[in-house]
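Peer 1: Sequence isn't available, so here's the structure alone:
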């Protein structure tokens, strides 16, 4: 699709919106990851970042957390473009909690204590 501008709509950067930038390098996305106590070293390649996130989370449901945060960032990005809503960390927090609760209902029962603890640590 030809557009007039390919800049990221979530941050003030003039960098083109790529999947790496949107989910791993955008200042807004970095705030989202930081909220769930994850630090992203933007000097690493995406696979190294994924490994780092896995190591930082140290839970068997790490991939669900990563995918869920990417999904929430994507939804906020689309709301900026299609609904002219401003990106909001408060909305990220609310949507992430709601979606994580839905995910929790489908989780293995053996994960329940660790999920409970992770949620408590999230604050």
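Peer 2: Arrived safely. Being a predicted model, the structure only gives us computed values, none of them experimental.

Peer 1: hmm, who's touching the longest helix seen in the chain?
Peer 2: Among the elements of the chain assigned as helix by DSSP state H, the one spanning the most residues is helix 62-83. Contacts of helix 62-83 from elsewhere in the structure, counted by CB atoms under 8 Å, 6 or more residues apart in numbering, are 9-10, 22-23, 26, 28-29, 32-33, 36, 50, 53-54, 57, 59, 85-88, 91-92, 95-96, 99-100, 103, 107, 118. To be clear about C-beta, it is placed using only N, CA and C from the backbone, and glycine gets the same treatment.

Peer 1: helices or strands up against the helix or strand encompassing residue 112?
Peer 2: Using DSSP states H and E, residue 112 sits within helix 112-122. Applying 3 or more CB pairs under 8 Å, 6 or more residues apart in numbering; DSSP states H and E, we find helix 112-122 packed against helix 89-106.
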